[in-house]
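Participant: Predicted model and sequence below, questions to follow.
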Amino acid sequence: MMKKTLFAGIAALGMLSATASAALAEWKPSGPIKLIIAFKAGGGADTQGRLIAEHIEKTRGWKVIPENVTGKGGVNALSALKDQPADGTAIGILVTESLGYNMAAAKKSGLKPSDFTPLATTAGFQMGLVAKTDKGWKSIDDVVAAAKTGQKIRFGAMSPRLADLAYLLGKAKGIEFNTVMVRGGKGVMNGLNAGDIDIGFGAGIQNKAVAAGDMINLASGMSTRLKISPDAPTLRELGVGFDADGYFVTVAPAGLPDEARAALTGAIEEAVTKEGSKAAGMMKKAFGGATVIKGAELDKLIQEGFDSAGVLMKASQ
């Protein structure tokens, strides 16, 4: 009798699983999907979003309409997304820093991670502390030595969070950087090439120049060492108790039904990982391949990023 009951239970579970899978397979949006892109049109991040949209339209038949909403480090995009219907017809692509440091800093916005449903990350940053090789610097110690002889070191940072990390690195090494705020990775590269800044953070945009020998990663801004410069120490190894880990991430408004979350996440994951897709090709070329984090792991990552933001702000005061 016990065996019969056990077998019946297993059969029931199998039927439930099949039913759930069928429901997920059948889900589709009730109308066009608005894709809010938190980056200016024409840039690499914007291109990523549009290639994902193109792949989803091609493989799923869902209409996806990209819309650029820029400003305040992604907070404007999040504000626009929050009030959209939570039915799968509105999603956004931004960076985890927008949901962490930038959201925490924008207290007047009233935004919090629970206002959104995370879907999936698409790629991670290869955040490095970069300088031109003609500076003659081989390590952070060389930069510190130059600063202690009286040279003003101009440090390019793309965001307040990175500016805080620059301050903490200087504090750990007993020097003070002259922080220069720039617009994105291109701003850092342009500043380095023009001689307007001496070092700066690059989120992978520097890889081609590093490979060519024109630039050098003096340190990794991540919690791990850089793929292209494995000998460069991490910020934590240099005495900074924080890092600049980050990812491109897709989210939807809070309250998204589970079947819609699963279907959208699956479509995005396929777009950035399927061999032969344009989006996957871009992920490989620009970021060394896709990095997909989803589900409970992504929920935790985003909440921890938000919670740790206040600690970083306090430490850099």
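Facilitator: Arrived safely, thanks for sending.
Participant: Please enumerate the strands of this structure.
Facilitator: Counting by DSSP state E, residue ranges of the strands within the chain are 33-37, 64-68, 90-95, 116-124, 128-132, 154-157, 178-181, 199-202, 215-220, 247-253.
Participant: List just the one of those strands that sits closest to Ala309.
Facilitator: Each of the strands of the chain has some distance to Ala309 by CB to CB; the shortest is strand 90-95, at 13.4 Å. (C-beta placed from N, C-alpha, C; glycine too.)
Participant: Strand 247-253 and that closest one, what's the angle between them?
Facilitator: Computed by axes from the mean of the first three to the mean of the last three CA atoms, to 10 degrees, the angle separating strand 90-95 from strand 247-253 equals 160 degrees.
Participant: hmm, back to that, between the strands of the chain, which gets nearest to Asp299?
Facilitator: Among these, strand 116-124 comes nearest to Asp299, with 5.7 Å by CB to CB.
Participant: Packing partners of the closest one?
Facilitator: Here strand 116-124 is seen to pack against helix 44-60, helix 75-82, strand 247-253, helix 258-273, helix 278-287, helix 295-315 when contacts are counted using 3 or more CB pairs under 8 Å, 6 or more residues apart in numbering; DSSP states H and E.
Participant: In contact with the most centrally placed residue in the chain, which residues?
Facilitator: Among the residues of the chain, the one closest to the centroid is Tyr247, at 2.1 Å (CA atoms, centre = their mean). Taking CB atoms under 8 Å, 6 or more residues apart in numbering as the definition of contact, the neighbours of Tyr247 are 95-96, 121-125, 291, 293, 301.
Participant: do that again at 6 Å, thanks
Facilitator: Applying CB atoms under 6 Å, 6 or more residues apart in numbering, one finds that Tyr247 lies in contact with 96, 121, 124.
Participant: ok, so of those residues, who is nearest Asp164?
Facilitator: Distances from Asp164 to the contacts of Tyr247, taken by CB to CB, are shortest for Thr96, at 15.9 Å.
Participant: Pretty sure that closest one sits against Asp245.
Facilitator: No. Taking contact to mean CB atoms under 6 Å, the distance of 8.0 Å between Thr96 and Asp245 leaves them out of contact.
Participant: Looking at these two, which is more packed in?
Facilitator: For Thr96 and Asp245, the more surrounded residue by other CB atoms under 10 Å is Thr96, and the numbers stand at 25 against 17.
Participant: just to revisit the earlier point, of all the helices and strands packed on strand 116-124, which one is nearest Val143?
Facilitator: When the helices and strands packed on strand 116-124 are ranked by proximity to Val143, the top entry is helix 295-315, at 21.2 Å, counting by CB to CB.
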